[in-house]
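K.L.:
Sequence first, then the predicted structure, then my questions.
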Number of protein chains: 2
Amino acid sequence: MSDSQFDVVGIGNAIVDIISQCDDDFLARHDAPKGHMRLIDFDTATRLYAEMGPAVEISGGSVANTMVGIASLGGRAAFIGKVAEDDFGHIFARDIQSAGVHFGTTPSSSSDLPTARSLILVTPDGERTMNTYLGVSPHLNRGEVDPEVIRAAGIVFLEGYLFDRTEAKDAFRQAAEIAAAAGRRVALSLSDKFCVDRHREEFLALVRNSIDILIANENEITALYLVETFDEAVRLTQADTQLAVLTRSAKGSVICARGQEPIQVEAQRVDNVVDVTGAGDLYAAGFLHGLAAGLSLEVAGRLGSLAAAEVISHFGARPQQSLAALAKANNLI
Amino acid sequence: MSDSQFDVVGIGNAIVDIISQCDDDFLARHDAPKGHMRLIDFDTATRLYAEMGPAVEISGGSVANTMVGIASLGGRAAFIGKVAEDDFGHIFARDIQSAGVHFGTTPSSSSDLPTARSLILVTPDGERTMNTYLGVSPHLNRGEVDPEVIRAAGIVFLEGYLFDRTEAKDAFRQAAEIAAAAGRRVALSLSDKFCVDRHREEFLALVRNSIDILIANENEITALYLVETFDEAVRLTQADTQLAVLTRSAKGSVICARGQEPIQVEAQRVDNVVDVTGAGDLYAAGFLHGLAAGLSLEVAGRLGSLAAAEVISHFGARPQQSLAALAKANNLI
């Protein structure tokens, strides 16, 4: 393979996280649905930001976090996403590049919209509640999905959140078509339960017809199939997909591969869960990196568990140590 | 006392920290003096930022951190410092206000200079090396030191770093004069060994003639007196000052009060030192809060050790939990 190729290219929202601690009452007073992501407008973001406690700013974005995780594991990753020409845009671009991820999307200069930001409220139990103002991010358009980058990657990883805005959804569909035509695998993250509620029919059609690898957590997959139990969701996923991984926090994950029994993977034990932001994103990083590296499905799942465990032991959704070193220390790579 | 009064008002640089991890080789390659603060220009900041690893942004500034610590301990704190009308300026202002510190300095709108930022490189041993681009911060001028705020505070805490630029030094001297005329106590932090090297004669004159409370670490106080040993520095400090506290990391601190034997205070044990940024600032918070609250010098020192221990157990120089709760749990307040 040449230097111009990537293991995985991700397409998603380019977001800087603004992370603060609060109690459950604060969430209730602000109608923030605990454990989920809600979209907020500029005025709500301004009001909530003014009332939140002191914060930390760290680059985020679900699929962007996954790409950073893959790079930290030693994989070759690229990201496509839209920022503005402002301080947060500079922070996002520099952080992802300095993490070793190829990022070439031109910042928007024609729009007054700022770089996206997510106001993340972390409760004492480590659960995170996200309030996202998308700003310029969904204005990623077809012209900005570089076909060369898509064709140069073994796997294209698409963020379900892109479906929340028409332009970004278009870019999503275009990327999936280019990848399929080039014989590349297409992976989809369902992103969030509420996101699934907003786009259930389209997501079901994608899962059944267009997607090679599905990544979802327990809340998302039961919302997709409108079923009560995780076991029912596993059965339906197994019937609908070639390959899927379903995560369920401390209960571990289940890998569904067509023609095989579901594979159970244990969660990596974490003594002190500080902030669960990025747990799913980093699981996806470990899993996709394992697939790209030709490891067994079970080892790929264990890499996912390991990367998720690292990221929930501190604030922020990007790893704070080399995941490759961690994986080697655990005899996984 | 009325609501309009403060226990401590701090005057210092208003800085957002950009914190990243690196190894000792990286410091050497960039001529960054390990464990110290150096001033860098805009071009050097841009170059260093481009080469640093992924970062986290957290409001900082030495005396600003101290004011946040005092508020977290339950004290009434105010801060005077200069930011620009940019994203970092908004972050700084909101963070310090949401921490409960009174902050009323008008952001600069007349200057093209940005809000100050410190590129902080943390090595695996937890030591931090600071590279600060001051931007608009030293343009704090006499007109912006609100005499009412100074007179309304029991203690005025001045940052030695202000001496690095003429305008800020002027503001520093004016604040000290107003405080003295109003019968308030004036405290000084020597800030950094290199800062002491730059301003030794002026600092010595301040310590001998103008200052009521001196706060310094071992490197700074030995640099001030140009002596080899800490014990010599203690003896000279004892002769020159009414009240001083000299900190020495894991070796604890020594409180020098005129007419008394020096008081030894142990450091609070920390199992995992992550990032020592803010250790001295938070020691000062505990100590000054203890003084303001009328506690004994020894208990004030132990409050300092406790606050310092909290801040070195995570990235960033602002506390991540309530220091008042921590102090109560340790039977100090």
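P.N.:
Yep, it's here. No experiment lies behind these values; they were computed from the predicted model shown.
K.L.:
how about the residues of chain A that lie near chain B?
P.N.:
Within chain A, the residues that sit near chain B (Cβ under 8 Å from any Cβ of the partner chain) are A:21, A:49-59, A:68, A:86-88, A:91, A:94-96, A:98-99, A:314-316, A:318, A:320. Yep, even glycine has a C-beta here, placed from its N, CA and C like the rest.
K.L.:
From the residues you listed, which land in strands?
P.N.:
By the criterion of DSSP state E, membership of the residues of chain A next to chain B in strands covers A:21, A:55, A:56, A:57, A:58, A:59.
K.L.:
Count the neighbours of the last one for me.
P.N.:
For residue A:59, the tally of surrounding residues (other Cβ atoms under 10 Å in any protein chain shown) stands at 27.
K.L.:
Residue ranges in chain A under the pLDDT threshold?
P.N.:
For chain A, applying pLDDT under 70 flags the ranges A:1-4.
K.L.:
Looking at the ones in strands among the residues of chain A next to chain B, spot the one nearest chain B.
P.N.:
The closest of these to chain B turns out to be residue A:57 (Cβ to the nearest Cβ; 3.9 Å).
K.L.:
Which residue, neighbours along the chain excluded, lies closest to that closest one?
P.N.:
In this structure, residue A:57 finds its nearest non-sequential neighbour in residue B:57, 3.9 Å apart by Cβ to Cβ, 6 or more residues apart in numbering or on different chains.
K.L.:
these two touch, right, the one you found and residue A:92?
P.N.:
No: contact criterion Cβ atoms under 8 Å: residue B:57 and residue A:92 do not qualify, at 11.3 Å.
K.L.:
More neighbours: which of these two?
P.N.:
Neighbours per residue (other Cβ under 10 Å) separate residue B:57 from residue A:92, with residue A:92 holding more: 29 against 25.
K.L.:
I'd assumed residue A:58 was in contact with the more buried one.
P.N.:
No: assessed by Cβ under 8 Å, residue A:92 is found out of contact with residue A:58, at 10.1 Å.
K.L.:
can you list residues touching both of these two?
P.N.:
Shared contacts of residue A:92 and residue A:58 (Cβ atoms under 8 Å, 6 or more residues apart in numbering or on different chains): residue A:16.
K.L.:
Show me what the helix or strand residue A:222 falls within is in contact with.
P.N.:
Per DSSP states H and E: residue A:222 is located in helix A:218-225. For helix A:218-225, contacts defined as Cβ under 8 Å, 6+ apart pick out A:35, A:190-193, A:195-197, A:200, A:203-204, A:207, A:216, A:228-230, A:232-234, A:236-237, A:246-249, A:251.
K.L.:
Extract the C-alpha set from it and format it as PDB.
P.N.:
C-alpha atoms of helix A:218-225 as PDB (Å, rounded to 0.1, in the frame of the first residue of the first chain):
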ATOM      1  CA  GLU A 218     -28.000  -0.700  23.300                       C
ATOM      2  CA  ASN A 219     -30.200   2.400  23.400                       C
ATOM      3  CA  GLU A 220     -29.700   3.100  19.700                       C
ATOM      4  CA  ILE A 221     -30.300  -0.500  18.400                       C
ATOM      5  CA  THR A 222     -33.500  -1.000  20.500                       C
ATOM      6  CA  ALA A 223     -34.700   2.400  19.200                       C
ATOM      7  CA  LEU A 224     -33.900   1.400  15.600                       C
ATOM      8  CA  TYR A 225     -36.000  -1.800  15.800                       C
END
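K.L.:
What is the subsequent helix or strand relative to that helix?
P.N.:
helix A:230-240.
K.L.:
Quick check: buried residues in that next one?
P.N.:
A:230, A:233, A:234, A:236, A:237, A:238, A:240 (16 or more other Cβ atoms under 10 Å in any protein chain shown).
K.L.:
Then stretch A:302-321?
P.N.:
Buried residues in stretch A:302-321 (16+ other Cβ under 10 Å): A:302-320.
K.L.:
now, which of the residues you listed lie within helices?
P.N.:
Among those, the residues falling in helices (DSSP state H) are A:302, A:303, A:304, A:305, A:306, A:307, A:308, A:309, A:310, A:311.
K.L.:
Going by distance to chain B, which of those wins?
P.N.:
Using Cβ to the nearest Cβ, these come closest to chain B at residue A:311, 12.9 Å.
K.L.:
what's the distance between the closest one and residue A:219?
P.N.:
Applying Cβ to Cβ, to the nearest Å, the value for residue A:311 to residue A:219 is 19 Å.
K.L.:
re earlier: buried ones only from the residues of chain A next to chain B, please, as a ChimeraX command.
P.N.:
A single ChimeraX command selects the buried members of the residues of chain A next to chain B (16+ other Cβ under 10 Å):
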select /A:21,49,52,54,55,56,57,58,59,68,86,87,88,91,94,95,96,98,99,314,315,316,318,320
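K.L.:
quick one, helices of the stretch 101-250 of chain A?
P.N.:
With helices called from DSSP state H, counting those that start in this stretch, the stretch 101-250 of chain A shows them at A:147-151, A:166-181, A:193-198, A:200-209, A:218-225, A:230-240.
K.L.:
Name the stretch among those helices that sits most buried.
P.N.:
Among the helices of the stretch 101-250 of chain A, ranked by average contacts under mean count of other Cβ atoms under 10 Å in any protein chain shown, first place goes to helix A:218-225 (a mean of 22).
K.L.:
Report how far apart the opening and closing residues of stretch A:203-218 are.
P.N.:
From its first residue to its last, stretch A:203-218 covers 16 Å (Cα to Cα, to the nearest Å).
K.L.:
would you list every one of the strands in the stretch 1-150 of chain A?
P.N.:
Along the stretch 1-150 of chain A, counting by DSSP state E, counting those that start in this stretch, strands occupy A:6-11, A:15-21, A:37-39, A:55-59, A:77-80, A:102-103, A:116-122, A:128-133.
K.L.:
looking at those strands, which is closest to residue B:141?
P.N.:
strand A:55-59 (28.9 Å; Cβ to Cβ).
K.L.:
gap between that closest one and the chain center?
P.N.:
The gap between the average C-alpha position of strand A:55-59 and the chain average comes to 17 Å, counting by Cα atoms, centre = their mean, to the nearest Å.
K.L.:
and that strand, what does it pack onto?
P.N.:
Secondary-structure packing of strand A:55-59 (3 or more Cβ pairs under 8 Å, 6 or more residues apart in numbering or on different chains; DSSP states H and E): strand A:15-21, helix A:87-98, strand B:55-59, helix B:87-98.
K.L.:
what does the last one rub up against?
P.N.:
With contact meaning Cβ under 8 Å, 6+ apart, helix B:87-98 is reached by A:49-55, A:57, A:86-88, B:14-16, B:57-59, B:61, B:64, B:67-68, B:79, B:83, B:103, B:107, B:114-115, B:117, B:318.
K.L.:
Strand B:6-11 and that one, what's the angle between them?
P.N.:
On the basis of axes from the mean of the first three to the mean of the last three Cα atoms, to 10 degrees, helix B:87-98 is oriented at 170 degrees to strand B:6-11.
K.L.:
next one: the first one
P.N.:
For the pair strand A:15-21 and strand B:6-11, the angle between their directions (the same axes, to 10 degrees) equals 150 degrees.
K.L.:
Can you list the strands that strand A:15-21 pairs with?
P.N.:
Using DSSP bridges, strand A:15-21 pairs in its sheet with strand A:55-59 (antiparallel), strand A:116-122 (parallel).
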